[in-house]
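Novice: need coordinates for the below:
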Amino acid sequence: MNEYSNCPNIPMPRFEDYNSLDAVVAEISSCTLRDVHRLQVNLVVLNLLARTRQTVFFPMLAVFLRSCEPMPEIFRCDEHLWKEGSARIYRPDMNRIRQMIMLPVGACEFFPPFSHHGIEEEA
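Specialist: Sure thing, here's the model as predicted:
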């Protein structure tokens, strides 16, 4: 990104610190449709699931706490296993999850940087 870019930088954990997980547990405190915090939590869970080592015998699980549901674009209804109170457990399709982390997060990542007020971008 540069000084003219409008693409946000979403902070992520150091994934190498979390390379052998059985489940990722997250708490989404805010539950509005256009909430950046909700998006960030879902993207961190998505990336942790995709980047950890998975065994054939134990599928990866995503656990969400609180009444706010995860984003249905990322964690689908057919992957929902169980709900107890405000906890929800998902067993996502790991092939789909790994494909999703290769997608751009926002529209600003679809296009190469353009010049700004006559200043050419260097590649």
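Novice: tell me which element the spatially most central residue of the chain is part of?
Specialist: Closest residue to the average C-alpha location of the chain: Leu43 at 1.4 Å, with C-alpha atoms, centre = their mean. Secondary structure from DSSP states H and E places Leu43 in helix 36-51.
Novice: okay, buried residues for that helix please.
Specialist: Neighbour-count burial for helix 36-51, counted by 16 or more other C-beta atoms under 10 Å, picks out 38-51. Where you see a C-beta, it was placed from the backbone N, CA and C, and this is true even at glycine.
Novice: do the same with stretch 52-66
Specialist: 52, 54, 60-64.
Novice: quick check: mean pLDDT of that stretch?
Specialist: Throughout stretch 52-66, pLDDT has a mean value of 79.
Novice: which residues touch that stretch?
Specialist: If you take C-beta atoms under 8 Å, 6 or more residues apart in numbering as the criterion, stretch 52-66 is touched by 18-29, 31, 45, 49, 70, 75, 81, 86-92, 94.
Novice: which of the residues you listed fall in strands?
Specialist: The strands, defined by DSSP state E, take in 23-27, 81, 87-90 from those.
Novice: and these, which of them are buried?
Specialist: The buried subset of the ones in strands among the contacts of stretch 52-66 - by 16+ other C-beta under 10 Å - is 23-24, 88-90.
Novice: how near is Glu79 to Arg88?
Specialist: Going from Glu79 to Arg88 by C-beta to C-beta, to the nearest Å gives 10 Å.
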